[in-house]
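**Q** Attaching a predicted model along with its sequence, questions to come.
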Amino acid sequence: MPEFREIEHTADTGIEVWGGNLNTLFLNAAKGMYSLIFNPVKIISYDYFEFSLSEENPEDLLVSFLGELNYYIFFKKIFFTQFQNINIEQKENVYYLFCSGQILNVPKEQEDQLMEIKSVTYHQLKIIRQDKNYYTRIIFDI
């Protein structure tokens, strides 16, 4: 099963994503979004970073998660080089995400090569469980 694949969309771009559970689906969605934005150069050093989010459903959580990663890339100039932990839990009617991993500053020589994602959209967004796997389609406004 592939992790993700790029799809064409009128005036925008998108990815289809697969995962054996929600944690893997979110990880593969992050990898897919990163693959659209840039191709990082050789990595020399790392720092550690973590954040957490909560939303009322998995779709909102996925949009918030990818939006947060996009914010870090374009405004803080950092990106995750390795996700050490993506953990999603549901407690009552709320989904919680905890993410940690190694980060690196976006290399200066690549800042002008980033494909800008204006937003992660809700267009056609639905997380589907098929057999024992999860699937979603994400469209990005570029």
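**A** Ah, there it is.
**Q** Select the longest strand from the protein.
**A** strand 78-91 (DSSP state E).
**Q** ok, whatever helix or strand comes next after that one: who's next to it in the sheet?
**A** Under the assignment DSSP states H and E, the closest C-terminal helix or strand after strand 78-91 is strand 94-105. In the sheet, strand 94-105 lines up against strand 47-55 (antiparallel), strand 78-91 (antiparallel) (DSSP bridges).
**Q** right, and those strands - which one's nearest N28?
**A** Closest approach to N28 among those (C-beta to C-beta): strand 78-91, 10.0 Å. For every residue, glycine as well, the C-beta is placed using N, CA and C.
**Q** Distance from the chain centre to the closest one, please.
**A** Mean C-alpha position of strand 78-91 versus that of the full chain (C-alpha atoms, centre = their mean, to the nearest Å) differs by 9 Å.
**Q** which residues of this structure fall in strands?
**A** Going by DSSP E, the chain shows strands at 4-9, 12-19, 47-55, 78-91, 94-105, 119-120, 128-130, 133-141.
**Q** tell me what the last one is packed against?
**A** If you count contacts as 3 or more C-beta pairs under 8 Å, 6 or more residues apart in numbering; DSSP states H and E, strand 133-141 packs onto strand 12-19, helix 22-37, helix 58-71, strand 119-120, strand 128-130.
**Q** Export those as a markdown table, with columns for mean neighbour count and distance to F79.
**A** Shown next, in a markdown table, are these (neighbours: other C-beta atoms under 10 Å; distance: least, C-beta to C-beta, whole Å):
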| stretch | mean neighbour count | distance to F79 |
| --- | --- | --- |
| strand 12-19 | 20 | 17 |
| helix 22-37 | 21 | 7 |
| helix 58-71 | 19 | 8 |
| strand 119-120 | 18 | 16 |
| strand 128-130 | 9 | 28 |
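**Q** which secondary element of the chain has the worst mean pLDDT?
**A** Least confident element among the helices and strands of the chain, by mean pLDDT, DSSP states H and E: strand 4-9 (a mean of 89).
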